[in-house]
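K.L.:
Quick one, what's the 3D model for this:
(2 chains)
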Amino acid sequence: MARRTVEVELSTTGLDAQGRPQRVPILTDDGGGGLALQAPPGIEPDLNGEHMLINIGPQHPATHGVLRLVLELDGETVVRCIPHIGYLHCGFEKIGEYRQYNQIICWTDREDYLNSIGNNVAFALGAERLFGIEITERCKVLRVIASELSRIMSHLVWLGTFCIDIGAFTPFLWAFQRREEIYRLIEKWVGARLTTSATRVGGMAADIPSGWMDGLRQFIRTFPHTLDEIDRVLTKNAIWVGRTVGLGVMTPEEAINWGLSGPMLRASGVDYDVRKDFPYLDYETYDFEVPVGTNGDVYDRYLVRFEELRQSVRILQQAADRLPDGPVNIDDPRVILPPKSKATSEMESMIHHFKVVMEGPRPPIGESYFAVESPKGEKGYYMVSDGTAKPVRWRIRPPSFVNLAAIPKMVEGHLLSDVIAINASIDIVMGEIDR
Amino acid sequence: MSRFEVVKTGASASGDQPSTQKKLSHRGEPANPSVQAMQQKFGGAVKRAEVIWGETVVYVEPASVHDIIRWLHDDPSQRYDFLSDVTAVEYRDSEVPIEVVWHLRSLPFRRFLRVKSQIPKGQPLEIASVYDIYRSADWLERECYDMFGIRFRGHPDLRRILMWEQYKEGFPLRKDFPLRGRFSRSEQLRQALAQNPEARYSMEELTIADAFAELPNDMRERLSKGERTGE
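P.N.:
Sure thing, here's the model as predicted:
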């Protein structure tokens, strides 16, 4: 196990002579003056090499959906892990081949359902590349706001459920309370909370209503307080540190080779972020940092995601400040629906309306792979068009599918209870893995 | 094992911080410089290259896919160290061959390359696995096999991943597979009810744990007759 020193504050409720919280060394001295986490030399009963088979899931709250893990245990140590997925398989990619591009947007909601509005944005960007469309400046900024709000939402769910898995209940409530505020904002904007379908090829389903930015600004102002609170409770908490440090270590070379992306890859010390390396939506003009871990363990993944929350707030602030006026949708009647009032009063608009709804916009022959930085990692939409209104192939590159594939590598050699922590640190969404 | 050095992406790339691509033309964008190097190195095995919406696509011979991707991964002037995706495309036109697609990224050079290989009609759907180059190909190739029936030679554990092991209807993403499935709803229901809910472990899982002896008698009998349980 990696030896590592973490300064721990919240280890006890007792007070010392100065009235400060007492520090009780539940950790052993590493000889160099610091505290190191080290498994105490336990005395294990002799099991004569007998191994046990344990089944976790698919119906288990700590597997975050319908993931099933078959574990071979030697005592309490995992010798081998075989994951089984596919319980939620719905054939999204097959259905997409029978749908027009704007109709597929509704399917992207249901795939990574914690990040639905971010998926809408990603799909619309991919389709726009396939159509050769340049979206308006206002639309770009609105999409940045949508993506970052959805990143915060997704990370808050991850944070809350991670806490529950490890045994902390309070941060879960704090996180979900703030998430509810974002849901209210999203609901005001697009009318739905979870299945947003917020984008269209060439624009958005709706512009933000008046007064919406005030709600966003208030969220930006108050949200960092919640982050500070959670930070104070968790980051230097001895139990938290003890349950997360040194688990599921991936070195940078391993992480790249296993195809990890997003916070999983960055926690291993690779500063690959699609927003920086292959930018879209003018992300290069926003001032934000990419947090990178240095140990590649569960604790670093926690730190990286936590810092990403703060960086997302920074991006939101900049986007709110620069939101330009102007149209949201591009001015092209072949892809964008005319306003309803025009469609019912003008002949030409009615024809455009009919053509867009019944036949659907048609891209030229070609293909595009558009990757965005979703909260889980590199999410790519690969679309192949043969010139008709429906794609020949619609492929989702699911980041948590590839991240989950590394779980046998990460859990082997650890304790059974650590499997839960490692699994939670991957931040999986079964809707996206099984599709 | 202690702290890692942070691996910087774009360390070998020349020029400034990349920016959002704007006003891409359909076919007129400059090609990825790796294409020229590939053509020099492999000659005829690289059939053709095209640029669509700024993304470079290289069509390579199915027989030399593994060599080319190995070279792209290892060569210090290419360093495509990140495999984004492995998938396949079948076109609606039955004359057009099935394509296997690899999406590669070079993190040090900040390059993106799409490698494609066409499997001619009538030939067995088989191609070399890149599992030994990229471990991320493990599940991606399994999914591609599950959905298209493409066999990846050299993959150590090529079995279904999203569909269950006894799935008999074929390969769902093939164009000859109907949207509602091959079997009727009643047949699907009948098969689902005929599953043995007790047999939750595959044979492989049972043997690794030496738990065979502790199974219920009827299950042990069925397994000894060679019944494959799957999930």
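K.L.:
quick one: secondary structure of the residue lying closest to A:Val70 once chain neighbours are set aside?
P.N.:
Counting by C-beta to C-beta, 6 or more residues apart in numbering or on different chains, A:Val70 lies nearest to A:Ile82, which is 4.4 Å off, once chain neighbours are set aside. Every residue, glycine included, has its C-beta placed from N, CA and C. Secondary structure assignment for A:Ile82 (DSSP: H, G, I helix; E, B strand; the rest coil): strand.
K.L.:
So A:Ile82 is in contact with A:Gly57, correct?
P.N.:
No. At 11.8 Å, A:Ile82 and A:Gly57 do not qualify as touching, with contact defined as C-beta atoms under 8 Å.
K.L.:
hey, what's in contact with both of those two?
P.N.:
Shared contacts of A:Ile82 and A:Gly57 (C-beta atoms under 8 Å, 6 or more residues apart in numbering or on different chains): A:Leu69.
K.L.:
Which of the three states applies to B:Leu113?
P.N.:
Assignment for B:Leu113 (three-state DSSP): strand.
K.L.:
Excluding covalently adjacent residues, which one is nearest to it?
P.N.:
Spatial nearest neighbour of B:Leu113, chain neighbours left out: B:Leu104 (4.8 Å); criterion: C-beta to C-beta, 6+ apart.
K.L.:
same thing with A:Leu173?
P.N.:
In this structure, A:Leu173 finds its nearest non-sequential neighbour in A:Gly160, 7.8 Å apart by C-beta to C-beta, 6+ apart.
K.L.:
go on, A:His84?
P.N.:
Leaving aside its sequence neighbours, A:His84 sits nearest to A:Arg68 (C-beta to C-beta, 6+ apart; 4.2 Å).
K.L.:
What about the one you found? Give its phi and psi, please.
P.N.:
Phi and psi for A:Arg68, reported as degrees, to the nearest 10, are phi -120, psi 130.
K.L.:
helix or strand for the residue of the stretch 101-250 of chain A found nearest chain B, which one?
P.N.:
Closest contact between the stretch 101-250 of chain A and chain B, by C-beta to the nearest C-beta, is at A:Arg129 (5.2 Å). Here A:Arg129, judged by DSSP states H and E, is contained in helix A:116-131.
K.L.:
and that helix, what does it pack onto?
P.N.:
Counting contacts by 3 or more C-beta pairs under 8 Å, 6 or more residues apart in numbering or on different chains; DSSP states H and E, helix A:116-131 is packed against helix A:101-109, helix A:137-166, strand A:199-200, strand A:366-374, strand A:377-385.
K.L.:
from the chain's centre, how far out does that helix sit?
P.N.:
Here helix A:116-131 is found 16 Å from its chain centre; the criterion is C-alpha atoms, centre = their mean, to the nearest Å.
K.L.:
who's in contact with the residue nearest to A:Leu173?
P.N.:
Taking C-beta under 8 Å, 6+ apart, we find A:Gly160 in contact with A:171-173, A:175-176, A:179.
K.L.:
Name the helix or strand of chain B that has the lowest mean pLDDT.
P.N.:
helix B:203-209 (a mean of 58; mean pLDDT, DSSP states H and E).
K.L.:
buried stuff in stretch A:311-324?
P.N.:
A:311-320, A:323 (16 or more other C-beta atoms under 10 Å in any protein chain shown).
K.L.:
can you redo these as TSV with secondary structure and pLDDT?
P.N.:
Shown next, in TSV, are the buried residues of stretch A:311-324 (DSSP: H, G, I helix; E, B strand; the rest coil; pLDDT from 0 to 100):
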residue	secondary structure	pLDDT
A:Gln311	helix	93
A:Ser312	helix	94
A:Val313	helix	94
A:Arg314	helix	93
A:Ile315	helix	94
A:Leu316	helix	93
A:Gln317	helix	93
A:Gln318	helix	93
A:Ala319	helix	93
A:Ala320	helix	93
A:Leu323	coil	91
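K.L.:
Make CSV out of the residues you listed and add distance to B:Tyr134.
P.N.:
Shown next, in CSV, are these (distance: C-beta to C-beta, whole Å):
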residue, distance to B:Tyr134
A:Gln311, 29
A:Ser312, 30
A:Val313, 35
A:Arg314, 34
A:Ile315, 32
A:Leu316, 35
A:Gln317, 39
A:Gln318, 36
A:Ala319, 36
A:Ala320, 40
A:Leu323, 41
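K.L.:
okay, the residue of chain B found nearest chain A: pLDDT?
P.N.:
Nearest residue of chain B to chain A: B:Ser136, at 2.5 Å (C-beta to the nearest C-beta). pLDDT for B:Ser136: 91.
K.L.:
Give me the residues contacting the helix or strand containing B:Gln36.
P.N.:
Here B:Gln36, judged by DSSP H and E, is contained in helix B:34-42. With C-beta under 8 Å, 6+ apart as the test, helix B:34-42 has contacts from B:46, B:49, B:56, B:58, B:60, B:64, B:67-68, B:71-72, B:75, B:77-78, B:80, B:106, B:111, B:113.
K.L.:
And the pLDDT for residue 140?
P.N.:
This is for chain A. In this model, A:Lys140 is scored at 93, pLDDT.
K.L.:
Can you look at chain B instead?
P.N.:
So, for B:Leu140, pLDDT stands at 93.
K.L.:
Repeat that for B:Leu158.
P.N.:
On pLDDT, B:Leu158 comes in at 85.
K.L.:
can you check A:Ile104 too?
P.N.:
Per the predicted model, pLDDT is 93 at A:Ile104.
K.L.:
Check B:Gln78 too.
P.N.:
You'll see B:Gln78 listed with a pLDDT of 86.
K.L.:
okay, now A:Glu346: neighbour count?
P.N.:
14 (other C-beta atoms under 10 Å in any protein chain shown).
K.L.:
backbone phi and psi for it, please?
P.N.:
phi -110, psi 140.
K.L.:
Contact partners for it?
P.N.:
Going by C-beta under 8 Å, 6+ apart, A:Glu346 touches A:Pro338.
K.L.:
Secondary structure element for A:Ser417, which one?
P.N.:
Using DSSP H and E, A:Ser417 maps to helix A:416-426.
K.L.:
contact partners of the helix or strand hosting A:Ser341?
P.N.:
According to DSSP H and E, A:Ser341 maps onto helix A:340-343. Here helix A:340-343 makes contact (C-beta under 8 Å, 6+ apart) with A:337, A:349-350, A:352-353.
K.L.:
Can you mark which positions in that helix are buried?
P.N.:
Buried residues in helix A:340-343, counted by 16+ other C-beta under 10 Å: A:Ala343.
K.L.:
C-terminal to it, which secondary structure element comes first?
P.N.:
Next along the chain after helix A:340-343, taking DSSP H and E as the criterion, comes helix A:347-354.
K.L.:
Tell me what angle the helix holding A:Ser417 forms with strand A:377-385.
P.N.:
With axes from the mean of the first three to the mean of the last three C-alpha atoms, to 10 degrees applied, the angle from helix A:416-426 to strand A:377-385 works out at 50 degrees.
K.L.:
what about helix A:416-426 and chain B, any contact?
P.N.:
No. Helix A:416-426 stays clear of chain B (C-beta under 8 Å from any C-beta of the partner chain), getting no nearer than 13.2 Å.
K.L.:
Need the contact partners of that helix.
P.N.:
With C-beta under 8 Å, 6+ apart, helix A:416-426 has contacts from A:54, A:56, A:62-64, A:67, A:69, A:71, A:73, A:76-78, A:81, A:158, A:161-162, A:165-166, A:243-244, A:247-248, A:264, A:298, A:301-302, A:400, A:403-404, A:406-407, A:410-411, A:414.
K.L.:
what distance separates stretch A:105-112 from the centre of its chain?
P.N.:
Counting by C-alpha atoms, centre = their mean, stretch A:105-112 is centred 14 Å from the centre of its parent chain.
K.L.:
can you list contacts of that stretch?
P.N.:
A:90, A:92, A:95-96, A:99, A:116, A:118-120, A:122-124, A:154, A:194-197, A:199-201, A:374, A:376, A:379, A:396, A:398, A:400, A:429, A:431-432, A:435.
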